[in-house]
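Engineer: Quick one, structure for this:
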Amino acid sequence: MDAKEQIDPTPKPLIDTVFEWLKDMTPEDAGLLAKTWPGLVKGSRPGKADPRQVVTGLRAKLRGARAFPEGIAIFARPLAKEYSLLQYVGFDALPAMLECFGNALGRREACAAALLHEDEECRELARKRWAEWAGASPEPAAVDKATALLGALCGTVVAALEARNSAADSTDLTEPDPPPKPATTSEPSPEPGRRLRDAERELKRARREAQEAKAEIQRLTKQVGTIKSAKEALEVELCDVRETLRELNGALQAKVQLAAQRLADERLMPWLTDCETLASVKTPVDGNDLLSRVEFTLERQAKRDRRYGIRSQITQRIADCRIALAKVEAASYDALRPLPDLVTLEQALRQEITELSAQLAPARGLSATDTQIHARISRAQTQQDLAAVRGEIVAGLSSKKIQIEDREEVFAHLLQASLLRATEARFAAEKEDIAAAMACNPIVDFWQRLQIGESLTMLVDGHNVLGSPGTSRSGSDDWHSATARDALAARLKTFAQDYPNLRVDLWFDSPTAADENVSENLCVRFSGGTGANRADDAILRQIDNHPARANLYLVTADWDEARKAQTLGAKVFLPDELESLLR
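Structural biologist: Numbers count the residues shown, from 1 in each chain. Just a heads-up that it's a prediction; the model follows:
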């Protein structure tokens, strides 16, 4: 608690007098007082301070004080010099002593010394006496009387001390002579000597208590500092423990949720996947379910329209191109110096109109090759039969012996039939038989393992996929552009975000090696290096260095790259099959 809250107002002249005395204290006492009252002096060394700086700090802290706290009075009492005797007389004798000292030596100093008394009644008497005197000087007669009394008292005290010292010296002699007794004078009264000895003992006791109080203050100050440091350390440690507890609690909850999700996936996902696959496979229905056939057919048509467009959109596009062509032709005809770009734009518009008009031509039926392949897919009864059909399609496309007009429909039919046969086999066969059947069809194996949450890695040869027939950029002039790369990355990101255990690396040829993390499980990687097929070499190195090659799936139409990847242990499927997954 602050000292101002413990004390009441006291006349300022008395406070100033005590402050003047305190300026004479030693630097060691000043340092001890500064430790007792923190904030008095800033920047001083421990155990030593300037007394004047300490007094300045005390003036600020004890402004409006009624009495000095005991911790400060202890330091001030010895500095009162000749007025120190007033601090040790009792309340009954203090009025006469205060009157005598005040009139003889100074009223302000006498009241200030009495203000340092241990007894509150004596301190109150000092305040009242100062108020009665009101700063007036004593009468000359009072001064003479007080001076005579103090002189007589001091003479008596000095004579008593000399007599005591003479008696002490005489005790050391072997044959002491009896002291002479004056014939005419009477023996002095022992009362003044006894009182002086009592005063000396009281003074020694006060000094001893002051030293003990100093030591106690030092010990308590050190103990308080230690307690404060320990408290701060405990508060910091408590905050760290609470933060660690919150982190552990959050991590524990996350682990419990992850373990519960993994257990649910292991127990329920295989059966749920089979049921969903059976429900999603749309087999041809008989005439009794006409509405289902209509809905199924319209859904397929909507998917195709989203890719190829509809007649009204193409017609509007042709009309816009013809209007633009007329404007370009008119500008080129009227201009004296037509820009070369006008000729280029005119040619591009004519080519666009020709291609769009070709799309509006009546659709032809399926070619004989497409019809034959669809028939074989429909007749296949096992996964091995479908794998044989797929092998013939891949071999024919690689050797260019067969031409498939609607590659999207063929591979979509093949994937749909493979998933249906895999689901039917899961309910009828043993696990080993299912694994053997899946191994012969990589795309179905990939899809089934993906559905049950296995950790898989899919490597995509980006430029090969964009330039392959049957993909969303096939036949486009900008399939090698940054826009095409970004579009393919966006489609793969949409597909991969539903499968957190799937890792997708999309590779592109580039003179500078770099990696760009598009999402948590999709990374666009640039091969670096020189020469053609730089990404192929980087992909094969990744396969060769992978610790679990059985979990690697490569998407490419480069037959040489596919054979090397299969030799290393990876599984390969075509960009057309990837397109079926991304639809």
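
Engineer: Surely His117 and Ala126 touch.
Structural biologist: Yes - the pair His117 / Ala126 is scored as a contact, 7.3 Å apart, by Cβ atoms under 8 Å. The C-beta positions use only the backbone N, C-alpha and C, and glycine is treated the same way.

Engineer: First-to-last residue distance for stretch 457-468?
Structural biologist: 21 Å (Cα to Cα, to the nearest Å).

Engineer: ok now that stretch, how far from the chain's centre?
Structural biologist: For stretch 457-468, the distance from its own C-alpha centre to the chain's C-alpha centre is 40 Å (Cα atoms, centre = their mean, to the nearest Å).

Engineer: Give me the contact list for that stretch.
Structural biologist: 446, 471, 473-474, 479-480, 484-485, 488, 492, 502-509, 524, 535-536, 539, 542-543, 546, 551-558, 561, 570, 574-576, 578 (Cβ atoms under 8 Å, 6 or more residues apart in numbering).

Engineer: From the residues you listed, which land in strands?
Structural biologist: Those of the contacts of stretch 457-468 mapping onto strands are 502-508, 524, 552-555, per DSSP state E.

Engineer: So among those, which ones count as buried?
Structural biologist: Neighbour counting by 16 or more other Cβ atoms under 10 Å classes 502-508, 524, 552-555 among the ones in strands among the contacts of stretch 457-468 as buried.

Engineer: Next, count neighbours for Ile393.
Structural biologist: 22 (other Cβ atoms under 10 Å).

Engineer: swap in the one 3 residues further on?
Structural biologist: Using other Cβ under 10 Å, Gly396 is surrounded by 15 other residues.

Engineer: Next: Ala142.
Structural biologist: Using other Cβ under 10 Å: Ala142 sits among 15 other residues.

Engineer: That one contacts Asn103, correct?
Structural biologist: Yes - the criterion here is Cβ under 8 Å, and Ala142 meets it with Asn103 at 4.7 Å.

Engineer: Doesn't Gly135 lie inside a strand?
Structural biologist: No - read with DSSP: H, G, I helix; E, B strand; the rest coil, Gly135 is coil and lies in no strand.

Engineer: Find the nearest non-adjacent residue to Ile318, please.
Structural biologist: The spatial neighbour of Ile318 that comes closest, neighbours along the chain excluded (Cβ to Cβ, 6 or more residues apart in numbering), is Leu356 at 4.9 Å.

Engineer: can you pull the contacts of the one you found?
Structural biologist: Here Leu356 is in contact with 314, 317-318, 321 (Cβ under 8 Å, 6+ apart).

Engineer: Alpha carbons of whatever helix or strand it lives in, as CSV, please.
Structural biologist: Secondary structure assignment for Leu356, by DSSP states H and E: helix 340-359. Provided in CSV are the C-alpha atoms of helix 340-359 (Å, rounded to 0.1, in the frame of the first residue of the first chain):
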residue,chain,number,x,y,z
PRO,A,340,-2.1,-7.2,-92.9
ASP,A,341,-4.2,-8.3,-90.0
LEU,A,342,-7.4,-7.7,-91.9
VAL,A,343,-6.4,-10.4,-94.4
THR,A,344,-5.6,-12.8,-91.6
LEU,A,345,-8.9,-12.1,-89.8
GLU,A,346,-10.8,-12.6,-93.1
GLN,A,347,-9.2,-16.0,-93.6
ALA,A,348,-9.8,-17.1,-90.0
LEU,A,349,-13.5,-16.0,-90.2
ARG,A,350,-14.1,-18.0,-93.4
GLN,A,351,-12.5,-21.1,-91.9
GLU,A,352,-14.6,-20.7,-88.7
ILE,A,353,-17.8,-20.4,-90.8
THR,A,354,-16.8,-23.5,-92.8
GLU,A,355,-16.1,-25.6,-89.7
LEU,A,356,-19.3,-24.5,-88.0
SER,A,357,-21.4,-25.2,-91.1
ALA,A,358,-19.9,-28.7,-91.2
GLN,A,359,-21.0,-29.3,-87.7
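
Engineer: for that helix, which positions count as buried?
Structural biologist: 345-346, 349, 352-353, 356.

Engineer: Which one of the residues you listed is nearest to Phe19?
Structural biologist: Leu345 (99.3 Å; Cβ to Cβ).

Engineer: I'd like the distance between the closest one and Leu339.
Structural biologist: 9 Å (Cβ to Cβ, to the nearest Å).

Engineer: I'd like to know which elements the longest helix that the chain contains is packed against.
Structural biologist: Criterion DSSP state H: the longest helix present in the chain is helix 191-280. Counting contacts by 3 or more Cβ pairs under 8 Å, 6 or more residues apart in numbering; DSSP states H and E, helix 191-280 packs against helix 27-36, helix 70-76, helix 140-170, helix 407-428, helix 442-451.

Engineer: hmm, 7 Å instead?
Structural biologist: Applying 3 or more Cβ pairs under 7 Å, 6 or more residues apart in numbering; DSSP states H and E, we find helix 191-280 packed against helix 27-36, helix 70-76, helix 140-170, helix 407-428.

Engineer: Compare those and say which comes out lowest on pLDDT.
Structural biologist: Lowest mean pLDDT within the helices and strands packed on helix 191-280: helix 407-428, at a mean of 70.

Engineer: Pull up the per-residue confidence for the closest residue to Phe495 other than its chain neighbours.
Structural biologist: Nearest non-adjacent residue to Phe495, counting by Cβ to Cβ, 6+ apart: Leu582, 5.6 Å away. pLDDT for Leu582: 81.

Engineer: Verify the stated contact: Leu582 with Ala496.
Structural biologist: No - using Cβ atoms under 7 Å, Leu582 is not in contact with Ala496; the gap is 10.4 Å.

Engineer: Those two: who's more crowded?
Structural biologist: Ala496 (18 against 13).

Engineer: ok so, going back, could you give the mean pLDDT of the helix holding Leu356?
Structural biologist: On average, helix 340-359 scores 86.

Engineer: One more: stretch 78-94?
Structural biologist: Over the span of stretch 78-94, the pLDDT mean works out to 78.

Engineer: Could you do stretch 195-212 as well?
Structural biologist: 82.

Engineer: how about that stretch: buried residues?
Structural biologist: Buried-residue list, stretch 195-212, by 16+ other Cβ under 10 Å: 195-196, 203, 206, 210.

Engineer: same deal with stretch 126-143?
Structural biologist: In stretch 126-143, counting by 16+ other Cβ under 10 Å, buried: 126-127, 129-130, 133, 138.
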